[in-house]
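**Q** Sequence isn't available, so here's the structure alone:
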């Protein structure tokens, strides 16, 4: 697995256009930019001992049998998600190439691939991986390519380099039309796939020391719409009580809380109670819309994904807002 690791000071992962542009110019002058061509990598860059046992030319010939990417509503609210490109080996087995993206961590930051597996075994592998990865769902190769190569461009402009080995992973997803600059603009430029306000929020994230697994607080609110009957969504959400606590009908809507077990040694005294769960997000199923509120971008993404699945993939982001102490407006 190739990972562009998260720095303890998260400013390394920010995509401030002005600062990144200046840094990119300095790196270009040193000949150290673009895909690790000069073997430049951050101190926290990790590459597993396992090396790809395929060539770029080989993997491009293998048929694409499935494409997964973050749903529109998830991406537009959080700028995070996973892309999975599943290709078929000539012997009939399948291989999943996985790309993890988080704009708040500098764009594309993890590339990996599953072992070659029988199709049904790979289905099981992806199902088991889903709880440990950012959201993904059925998508198109065109959209997946825009997300992967656009976030790759964001990472490059932020000063990240990739070692030569990662080219074998990137070969599994075709490049979109245009240049690296155009990929960047289509992803995070004005009117791109990422809302302008979300880009502004991430641009303004400060440099702070964060513990592993922590992220900056950004109160994230979403208003969602769907043609799926809300009664059906409520029934679907209620089937997973370990993940979604059903609070019943309140305030003119059905309410759920996205929860998880408290982390070890959590400061909240309630964490010591039997079956205690930490609330990650609130979900309000109203008559003609759905409201979600969470304290961070990734928690909001998780909540939207739960509703997306409950709505059978028919979900649109109608409105969103982000609030944090570091924002000036």
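**A** Looks like it came in fine. The structure displayed is predicted, hence computed values, not measured ones.
**Q** okay, CA-based contacts and neighbour counts for the rest of this
**A** Noted.
**Q** Show the contacting residues for residue 190.
**A** Neighbour list for residue 190: residue 196 [criterion: C-alpha atoms under 8 Å, 6 or more residues apart in numbering].
**Q** at 10 Å what do you get?
**A** Going by C-alpha atoms under 10 Å, 6 or more residues apart in numbering, residue 190 touches 196, 197, 199.
**Q** any idea how far it lies from residue 142?
**A** To residue 142, residue 190 is 20 Å away according to C-alpha to C-alpha, to the nearest Å.
**Q** so of the contacts of residue 190, which ones are in helices?
**A** Among the contacts of residue 190, DSSP state H puts 196, 197, 199 in helices.
**Q** Could you pick out the buried ones from those?
**A** Taking 16 or more other C-alpha atoms under 10 Å as the criterion, what is buried in the ones in helices among the contacts of residue 190 is residue 199.
**Q** TSV please, covering the ones in helices among the contacts of residue 190 and showing pLDDT and distance to residue 59.
**A** Converted to TSV, the ones in helices among the contacts of residue 190 look like this (pLDDT from 0 to 100; distance: C-alpha to C-alpha, whole Å):
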residue	pLDDT	distance to residue 59
196	95	35
197	94	38
199	94	34
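**Q** Same list (the ones in helices among the contacts of residue 190) but as a markdown table, adding distance to residue 124.
**A** Converted to a markdown table, those look like this (distance: C-alpha to C-alpha, whole Å):
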| residue | distance to residue 124 |
| --- | --- |
| 196 | 37 |
| 197 | 38 |
| 199 | 35 |
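**Q** where does the stretch 1-150 of the chain have low pLDDT?
**A** 1-51 (pLDDT under 70).
**Q** run the last query once more with 50
**A** Scanning the stretch 1-150 of the chain for pLDDT under 50 picks out the ranges 3-50.
**Q** mind listing the strands in it by residue range?
**A** For the stretch 1-150 of the chain, strands defined by DSSP state E, counting those that start in this stretch occupy the ranges 2-4, 45-47, 64-69, 80-88, 94-102, 107-113, 137-138.
**Q** Between those strands, which one is closest to residue 58.
**A** strand 80-88 (11.0 Å; C-alpha to C-alpha).
**Q** between that closest one and strand 64-69, how many degrees?
**A** With axes from the mean of the first three to the mean of the last three C-alpha atoms, to 10 degrees applied, the angle from strand 80-88 to strand 64-69 works out at 180 degrees.
**Q** oh, and call the first residue 154 from now on, that's how I've got it
**A** With the count now opening at 154, the last piece we talked about shows up as strand 233-241.
**Q** Go ahead and confirm residue 298 touches residue 336.
**A** Yes - Residue 298 is in contact with residue 336 according to C-alpha atoms under 10 Å; the separation is 9.5 Å.
**Q** who's more crowded, these two?
**A** It is residue 336, of residue 298 and residue 336, that has more neighbours when counted by other C-alpha atoms under 10 Å, with 25 against 21.
**Q** I'd like the distance between that one and residue 476.
**A** Counting by C-alpha to C-alpha, the separation of residue 336 from residue 476 is 28 Å.
**Q** can you check residue 453 too?
**A** 13 Å.
**Q** Ok, residue 442 next?
**A** Shown here: residue 442 relative to residue 476, a distance of 21 Å by C-alpha to C-alpha.
**Q** just residue 284 next, same as before
**A** Distance from residue 284 to residue 476, by C-alpha to C-alpha: 27 Å.
**Q** more crowded one of the two?
**A** Using other C-alpha under 10 Å as the criterion, residue 284 and residue 476 rank with residue 476 on top: 16 against 10.
**Q** nearest spatial neighbour of that one, skipping sequence neighbours?
**A** Leaving aside its chain neighbours, residue 476 sits nearest to residue 372 (5.0 Å; criterion: C-alpha to C-alpha, 6 or more residues apart in numbering).
**Q** what about that neighbour, how many neighbours?
**A** Quick note: residue 372 (other C-alpha under 10 Å) scores 17 neighbours.
**Q** Tell me the pLDDT of it.
**A** For residue 372, the pLDDT comes out at 96.
**Q** repeat for residue 366
**A** On pLDDT, residue 366 comes in at 72.
**Q** List the residues that contact the residue positioned nearest the centre of the chain.
**A** The centroid of the chain falls nearest to residue 234 when counting by C-alpha atoms, centre = their mean (1.9 Å). For residue 234, the contact set (C-alpha under 10 Å, 6+ apart) comprises 221-224, 227-228, 252-256, 261, 286-290, 300, 451, 454-455.
**Q** who are the neighbours in contact with residue 239?
**A** Applying C-alpha under 10 Å, 6+ apart, we find residue 239 in contact with 215-221, 247-251, 266-267, 272, 275, 325-326.
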